[in-house]
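# A predicted structure for the sequence below; I have some questions about it.
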Amino acid sequence: MSAPVRPDRQAPTQDRAQFVVSAVLLVVGVFLIVDAMSLTAEFAKVDPVGPKLFPLVIGIAMLVCAVLLVIATLRGSKGEPDDGEDIDTSSPADWKTVGLLVGLFVATIAFVDLLGWVIMGALLFGGAATVLGNRHWIRNIGIGLVLSLISFYAFYVGLGIPLPAGILDGIL
């Protein structure tokens, strides 16, 4: 039997967006766990923990966070809006910038095998800097090229994980 709500006390309202975040955490957590169970130790045969450990830990942590967020939301907890000194919470979202960044990520995913990580990484890093407001696009591409070359060789030499070379295969 529930206690009647007194007129001077309102029942806590629930933030439904938090349920959406919980659902996303749940779906991604389940995906990570299911996908981790299918991993084999092809690249890292000398690794004592294997490739399954970290996706399993992260997937389980996401499931726990999803459950805790649902419980907190049902109890009336709400996220506080960010009142940082450089954020205007009254201004609308900049969907053009978000769309351009999503387009950069989709283009990188679509063309990384064909053009290779070095070219697509340079376009991704330089393009993101340009979309986020830096107007020196030639310098952005140059810095992006340096970052993508460093990450290419860090993965290949340092970790033994080959990234796609694409059209630069044989040159890199």
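It's in.
# Would you mind measuring from residue 71 to residue 26?
Distance of residue 71 to residue 26, given as C-beta to C-beta, to the nearest Å: 13 Å. No exception for glycine: its C-beta is placed from N, CA and C like everyone else's.
# if you count what's nearby, which of those two comes out ahead?
More crowded of residue 71 and residue 26, by other C-beta atoms under 10 Å: residue 26, with 17 against 11.
# So the more buried one, which state does it fall into?
helix (DSSP: H, G, I helix; E, B strand; the rest coil).
# For residue 79, see how far away it is.
18 Å.
# Kindly report the same for residue 34.
The value you get for residue 34 to residue 79, if C-beta to C-beta is used, is 29 Å.
# Same question for residue 56.
Relative to residue 79, and taking C-beta to C-beta, residue 56 is found at 28 Å.
# Check residue 33 too.
In terms of C-beta to C-beta, residue 33 sits 26 Å off from residue 79.
# what ranges of the chain fall below the confidence cut-off?
Where the chain drops to pLDDT under 70, the residues are 1-13, 41-48, 81-85, 87, 89.
# residue boundaries of the helices in the protein?
16-37, 53-74, 95-115, 117-131, 137-153 (DSSP state H).
# Which one of those lies nearest to residue 88?
Closest approach to residue 88 among those is made by helix 95-115 (14.6 Å; C-beta to C-beta).
# helices and strands around the closest one, which ones?
The contact analysis (3 or more C-beta pairs under 8 Å, 6 or more residues apart in numbering; DSSP states H and E) places helix 95-115 against helix 117-131.
# Show me how the record splits the protein into domains.
By the assignment in automatic domain parsing, the chain contains the domains 16-74, 95-168.
# CSV for the ones you listed, including distance to residue 86?
Below are the domains of the chain laid out as CSV (distance: least, C-beta to C-beta, whole Å):
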stretch, distance to residue 86
domain 16-74, 23
domain 95-168, 13
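# thinking again about what came up before, residue 33 and residue 79: who's more crowded?
residue 33 (18 against 12).
# Can you give me the neighbour number for the closest residue to that one other than its chain neighbours?
Nearest residue to residue 33, sequence neighbours excluded (C-beta to C-beta, 6 or more residues apart in numbering): residue 59, at 3.9 Å. Other residues near residue 59 number 20, with proximity taken as other C-beta under 10 Å.
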